[in-house]
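K.L.:
only geometry, no sequence info:
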């Protein structure tokens, strides 16, 4: 009887240990909200998916397609674990009381610029005075453009029009004089179309450098042990994907084309050409992927402080927000601290 009871206890202990082993082996389920259809800003994610690196980290990744709700709102409402966003959107979320935290910079530097046709007689930003801007429907565009023009000695006086077509298409077609673009996508489109364009990069005309796109999470996820572990695993695989893309743009483009949903990337050559441009901005020399500089967020002359001073951030009641706890809106704490496989 005692021997039977002892054997039964051993079997129970063995079952418990096996059950705990199974529980610990359960994958981290991470929901990632995309900010647009798949494109070369997302390449590192699709590289990691295609290579099985999320699986190696124990991450079961679910991609949430871009829809009518912003990624930051999905993150704030716990309908997504990670979102793809930008500095302006992080500031907006904080201003309306639904803050998120930026945990990794997808691009290490801002590639936004104002684009004009090279045959339009516009050779420098001050020539944009009196010209027509193809508006993009965001409140921070005007103060940024005004500052760029004034930095070059102009008045910052321009007109704008909201069009039903893409703003850059309006410039290429001659229906507007300039547009807000990103070098790695619209710049490549113009080159492939054989249309010469001139780009005035914001960084060259007084606008502080900032991060877009970037990855955001809910603030409480940094304090929750289980959530933080899942996010660290997710970011290890993601960092590996983007590091690969930085070093092997051609192969990374092929992996993106292979992994993206059918029909989402109808022009493979555009993807390949774009990736070669985007990959140059994925990392700062001598720094690992994803790391954010504190001065980009909370420095005395940072872009967030520029937007706060411009009065374009408002709370839910529409009142201007002139102060935010900028130091709490970003964190490098979840990024890999050990060398990535292959480094």
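P.N.:
Arrived safely, thanks for sending. On a predicted model such as this, the values are computed, not experimentally measured, just so you know. Residues are numbered from 1 along each chain as shown.

K.L.:
domain parsing of this protein, as residue ranges.
P.N.:
Domains of the chain are assigned by automatic domain parsing as 27-108+211-328, 112-205.

K.L.:
quick one, which of these gets closest to residue 343.
P.N.:
Proximity to residue 343 (C-beta to C-beta) singles out domain 27-108+211-328 among these, at 7.5 Å. Any C-beta I mention is one placed from the backbone N, CA and C, and that applies to glycine too.

K.L.:
give me the below-cutoff pLDDT ranges for the chain.
P.N.:
Flagging of the chain using pLDDT under 70 yields the residue ranges 1-25.

K.L.:
spatially central residue in it, please.
P.N.:
residue 213 (2.1 Å; C-alpha atoms, centre = their mean).

K.L.:
hmm, that residue is touching residue 106, no?
P.N.:
Yes - at 4.6 Å, residue 213 counts as touching residue 106 under the criterion of C-beta atoms under 8 Å.

K.L.:
hey, what's in contact with both of those two?
P.N.:
Shared contacts of residue 213 and residue 106 (C-beta atoms under 8 Å, 6 or more residues apart in numbering): 41, 84.

K.L.:
contacts only, for residue 109.
P.N.:
Neighbours of residue 109 in contact, by C-beta under 8 Å, 6+ apart: 203, 209, 281, 284.

K.L.:
so the second one belongs to a strand, correct?
P.N.:
No - the assignment for residue 209 is coil, going by DSSP: H, G, I helix; E, B strand; the rest coil, so no strand is present there.

K.L.:
start to end distance for stretch 151-166?
P.N.:
One end of stretch 151-166 to the other measures 27 Å (C-alpha to C-alpha, to the nearest Å).

K.L.:
how about stretch 149-167, which residues are buried there?
P.N.:
Neighbour-count burial for stretch 149-167 flags 149-152, 154, 156, 158, 160, 167 (criterion: 16 or more other C-beta atoms under 10 Å).

K.L.:
next step: the residues you listed restricted to strands.
P.N.:
Of those, the ones assigned to strands by DSSP state E are residue 160.

K.L.:
got the buried residues of stretch 149-167 as a markdown table, with distance to residue 179 columns?
P.N.:
What follows is these, written out as a markdown table (distance: C-beta to C-beta, whole Å):
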| residue | distance to residue 179 |
| --- | --- |
| 149 | 15 |
| 150 | 19 |
| 151 | 19 |
| 152 | 18 |
| 154 | 18 |
| 156 | 17 |
| 158 | 12 |
| 160 | 10 |
| 167 | 4 |
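
K.L.:
in helices only, show me the buried residues of stretch 149-167.
P.N.:
Residues of these located in helices (DSSP state H): 149-151, 167.

K.L.:
strands of the stretch 151-300 of the chain, start to end?
P.N.:
Per DSSP state E, counting those that start in this stretch, the stretch 151-300 of the chain carries strands over the ranges 159-161, 179-182, 197-201, 214-217.

K.L.:
dump the ones you listed into a markdown table; add distance to residue 72 as well.
P.N.:
Putting these into a markdown table (distance: least, C-beta to C-beta, whole Å) gives the following:
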| stretch | distance to residue 72 |
| --- | --- |
| strand 159-161 | 25 |
| strand 179-182 | 19 |
| strand 197-201 | 26 |
| strand 214-217 | 6 |
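
K.L.:
out of those, which is the most enclosed?
P.N.:
Per residue and on average, the most neighbours among those fall to strand 214-217, with a mean of 26 (mean count of other C-beta atoms under 10 Å).

K.L.:
for the stretch 101-250 of the chain, which segments count as helices?
P.N.:
Ranges of helices within the stretch 101-250 of the chain are 141-151, 167-172, 188-193, 225-247, 249-259, based on DSSP state H, counting those that start in this stretch.

K.L.:
in the fourth one, what counts as buried?
P.N.:
Read that as helix 225-247. Buried, per 16+ other C-beta under 10 Å, within helix 225-247: 227-228, 230-246.
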